[in-house]
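*Asks:* how does the following fold in three dimensions:
(chains A and B)
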Amino acid sequence: MKANGIQTRHYAIDRAQRTTHSNVEMAVSAAKQCMDDSPVPVKSVGMLSCATTQGDMVVPGFGSMVQAGLRVPAVELLTTHGICSSTVMAIKAAANSLRLGEHRSALVVASELASRLLKSTRYEAAGGFAAMDFNSEFLRWMLSDGSGACLLESVPRGRCLRIDWIRSFSHADAFPVCMGIGTPTDAQDARTWQDFPTYAQAEAAGALLIRQDVRLLEQMVKLGVDGALRLIEEGVLKNQDIDHFLCHYSSHHFRGKIADLLVMSGANIPEDRWFTNLYTRGNTGAASILIMLDEFLRDGRAAAGDKILCMVPESGRFNTAYMHLTAVGQ
Amino acid sequence: MTTSEIKRPAALSELGQATLRRLVRAWFDFERRLAIVPIVRRLDLGTFTRDDYQRLLLNLRPQVVEGSRWISRCASSFDREHTDIRSVVLRHAHDEHRDYEILETDYVATGGNLETIREQPRNIGSEALNAFLMHRAGEPNPAGLLGAMWIIEGLGEKMAANWADRVEELTGVDAGCTRFLRYHANNDDSHMDKLYGLIDRVCTNQGAADDVVLTATVVGRLYAMQLEEIDVEP
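*Replies:* Take a look at the predicted model:
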């Protein structure tokens, strides 16, 4: 914890590692709070766009379970599959659906219950702590549970955020898996978890542990910069105009040579414009960008006309997503 | 005649900034190409062997030997209007002109035969890379080679920072076998300051800036080809 600077995190499991809130319960709770703040009745929502790394059930999709919890009738449903950036995919699909005129409102919900993966019993089943390497332990100190939601509407209402553009760049073609669940501890063993005769054997081989290839993390930072430079080159992103930068990573990942390069090339965003709640909320994966946006707005930091850049780098197999928003209305 | 020494500027011009952004993108593109080169992929995936390491050194040596030659030729191609750049290149040539000896010692330390590495011919990628660099270095005032320096020095840093420990971890060789990889750990500020100074000095018009970026891109492609060929040639 000293190394990552995280002071507080939230778990939806208790000290005995029993689940206190399911992933769907957290998602539904965030969605209800979001809808309570809006005059739009939940039953009239046209699209429900959901993201999580791992639902409570393997199938059906997480969105189905959230819809059931919310009791939204005959909604168009989307569940995006991925990790942190899956929420940005869910927002983009919802926003595009409004732009096409197919719906007038879309509810985006993201929730994460990673602590269940981090129970001591999971590590014991995979050979105990003596069998653990830093890659399988790393995320134990980072991940946190949480959920967030946002309502998208085709017409602005009161003080709100306009989505200017959403873009992402995936690099799975070039780089190996950096964070994942499903492969055994033995790197020479090419099987994935369902290839084992029983799930118990898969677990014993460490194939159900969440792992981060810490050595490849530096690549994530570089690819985050790479995407921003692509957008600057295209003329889509004007970094000097950004008033608030909400990043799923904290600024301490961008120190040293890369920070100097960003300043010298005029591609930086001054540190006083960065906003993060990583240190108080932990890394809530897919939910993090919505939780961060909510806290940012509640703090009253956005004035009308302010430009906000959200950046969500997903280390899974290197996908970086960017979302540009403008605060509008009274 | 410019006699002043090349130093870090307080800030780069708009063109200098745009060029630096393009160079950073060219570097990321190079890293991306490297990541799919089979021998580098094995390093990432953890399947890299001692045999891989020996073949890496064997295939790097011809280009490292030639490296000192193109840098020296490059220095001699700058006229009196560019003596400040020539000074930087000369120092660089002096620093690097016997690097290959370290590489040979590393190869022998891994159990390789000195004659074998000395007789190793250039692979197809090294052939193309060397031909391109020698050609550019012979042109009058070849400032575009700043782009080559950007890629090759960057790779030196990457070898030291990302490859050396990994090679030792995966193959069991000791630090006495990875001195060449570590030799280019040039992370100090003065190195970057010099680079910013050169961008400021060289990129005074769009054509010169484009030339730097093009050279960086070509060198990156050919360098990746040199490493790809390790898995093609016996």
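*Asks:* use CA for all of it now, contacts and neighbours both
*Replies:* OK.
*Asks:* grab the nearest non-local neighbour of residue B:153.
*Replies:* The shortest distance from residue B:153 to any residue that is not its chain neighbour, by C-alpha to C-alpha, 6 or more residues apart in numbering or on different chains, is 7.5 Å, and that residue is residue B:184.
*Asks:* check residue A:212 too.
*Replies:* Nearest residue to residue A:212 in three dimensions, chain neighbours excluded: residue A:179, at 4.3 Å (C-alpha to C-alpha, 6+ apart).
*Asks:* can you report how many residues neighbour that neighbour?
*Replies:* Counted by other C-alpha atoms under 10 Å in any protein chain shown, the residues lying close to residue A:179 total 21.
*Asks:* need phi/psi at it.
*Replies:* phi -140, psi 130 (degrees, to the nearest 10).
*Asks:* how confident was the prediction at it?
*Replies:* Note for residue A:179: predicted pLDDT of 94.
*Asks:* need the contact list for it.
*Replies:* Residues counted as contacts of residue A:179 (C-alpha atoms under 8 Å, 6 or more residues apart in numbering or on different chains) are A:210-213, A:315-317.
*Asks:* in the sheet, who's paired with the closest residue to residue A:273 other than its chain neighbours?
*Replies:* Taking C-alpha to C-alpha, 6+ apart as the measure, residue A:273 lies nearest to residue A:244, with 4.8 Å between them; neighbours along the chain are not counted. Each beta-bridge partner of residue A:244 is listed here: residue A:308, as defined by DSSP bridges.
*Asks:* what sits closest to residue B:212 if chain neighbours are left out?
*Replies:* Leaving out its chain neighbours, residue B:212 is closest to residue B:144 (C-alpha to C-alpha, 6+ apart), at 4.1 Å.
*Asks:* and that neighbour, what is it in contact with?
*Replies:* For residue B:144, the set of contacting residues under the criterion of C-alpha under 8 Å, 6+ apart consists of B:208-209, B:211-215.
*Asks:* now do residue A:203
*Replies:* For residue A:203, the contacting residues are A:122, A:125-126, A:193, A:209, taking C-alpha under 8 Å, 6+ apart as the criterion.
*Asks:* what about residue B:14, neighbour count?
*Replies:* Once other C-alpha under 10 Å is used to define contacts, residue B:14 is seen to have 11 neighbours.
*Asks:* quick check: pLDDT value at it.
*Replies:* The per-residue confidence score, pLDDT, reads 96 for residue B:14.
*Asks:* near chain B, which residues of chain A?
*Replies:* In this structure, chain A approaches chain B at residues A:174-176, A:187-188, A:222-223, A:226, A:229-230, A:261, A:264-267, judged by C-alpha under 8 Å from any C-alpha of the partner chain.
*Asks:* and the residues you listed, which are buried?
*Replies:* A:174-176, A:222-223, A:226, A:229-230, A:261, A:264-267 (16 or more other C-alpha atoms under 10 Å in any protein chain shown).
*Asks:* which parts of chain B sit against chain A?
*Replies:* If contact is defined as C-alpha under 8 Å from any C-alpha, the residues of chain B in contact with chain A are B:11-12, B:16-21, B:24-25, B:28, B:32-33, B:35-36, B:44-47.
*Asks:* can you add neighbour count, secondary structure and pLDDT and give the contacts of residue A:179 back as a markdown table?
*Replies:* Formatted as a markdown table, the entries for these read as follows, by neighbours: other C-alpha atoms under 10 Å in any protein chain shown; DSSP: H, G, I helix; E, B strand; the rest coil; pLDDT from 0 to 100:
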| residue | neighbour count | secondary structure | pLDDT |
| --- | --- | --- | --- |
| A:210 | 20 | strand | 92 |
| A:211 | 26 | strand | 91 |
| A:212 | 21 | strand | 91 |
| A:213 | 19 | coil | 90 |
| A:315 | 24 | coil | 92 |
| A:316 | 22 | coil | 95 |
| A:317 | 20 | coil | 96 |
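*Asks:* quick one: which of these is nearest residue A:137?
*Replies:* Nearest to residue A:137 among those: residue A:211, at 7.4 Å, using C-alpha to C-alpha.
*Asks:* okay, and the residue lying closest to that closest one once chain neighbours are set aside sits in which element?
*Replies:* Of all residues beyond its chain neighbours, the one nearest residue A:211 is residue A:136 (4.4 Å), with distances taken as C-alpha to C-alpha, 6+ apart. With the criterion set as DSSP states H and E, the secondary-structure element containing residue A:136 is helix A:134-137.
*Asks:* any idea which helix or strand comes after that helix?
*Replies:* Scanning the chain past helix A:134-137 towards its C-terminal end, the next helix or strand to appear is strand A:146-153 (assignment: DSSP H and E).
*Asks:* which ones among the contacts of residue A:203 map onto helices?
*Replies:* A:122, A:125 (DSSP state H).
*Asks:* residues near the residue nearest to residue A:268 when sequence neighbours are not counted, how many?
*Replies:* For residue A:268, the nearest residue in space outside its immediate sequence neighbours is residue A:262; the separation is 4.8 Å by C-alpha to C-alpha, 6+ apart. Counted with other C-alpha under 10 Å, residues neighbouring residue A:262 total 19.
*Asks:* now do residue A:15
*Replies:* By other C-alpha under 10 Å, the residues close to residue A:15 number 7.
*Asks:* picking up where we left off before, buried ones among the residues of chain B next to chain A?
*Replies:* In the residues of chain B next to chain A, burial by neighbour count holds for B:12, B:16-21, B:24-25, B:28, B:32-33, B:35-36, B:44, B:46, counting by 16+ other C-alpha under 10 Å.
*Asks:* show me those that map onto helices.
*Replies:* Checking these against DSSP H, those in helices are B:16-21, B:24-25, B:28, B:32-33, B:35, B:44.
*Asks:* what residues of stretch A:211-221 count as buried?
*Replies:* Buried positions in stretch A:211-221, judged by neighbour count with 16+ other C-alpha under 10 Å: A:211-213, A:216-217, A:219-221.
*Asks:* for stretch A:184-194, that is, sorry about that
*Replies:* If you call a residue buried by 16+ other C-alpha under 10 Å, then stretch A:184-194 has these buried ones: A:184-185, A:193.
*Asks:* the residue nearest the centre of chain B: what secondary structure?
*Replies:* Centroid check for chain B by C-alpha atoms, centre = their mean gives residue B:152 as the closest residue, at 1.7 Å. Under the three-state scheme (DSSP: H, G, I helix; E, B strand; the rest coil), residue B:152 adopts helix.
*Asks:* and the pLDDT at it?
*Replies:* pLDDT recorded at residue B:152 is 92.
*Asks:* and residue A:1, what pLDDT?
*Replies:* Per-residue confidence (pLDDT) for residue A:1: 63.
*Asks:* wait, residue A:142
*Replies:* Taken from the predicted model, the pLDDT recorded for residue A:142 is 82.
*Asks:* correct me if wrong: it contacts residue A:282.
*Replies:* Yes. Using C-alpha atoms under 8 Å, residue A:142 is in contact with residue A:282, at 5.9 Å.
*Asks:* who touches both of those two?
*Replies:* What both residue A:142 and residue A:282 touch, as defined by C-alpha under 8 Å, 6+ apart, is the set residue A:6.
*Asks:* residue of chain B nearest chain A, please.
*Replies:* Minimum separation of chain B from chain A (C-alpha to the nearest C-alpha) falls at residue B:17, amounting to 4.1 Å.
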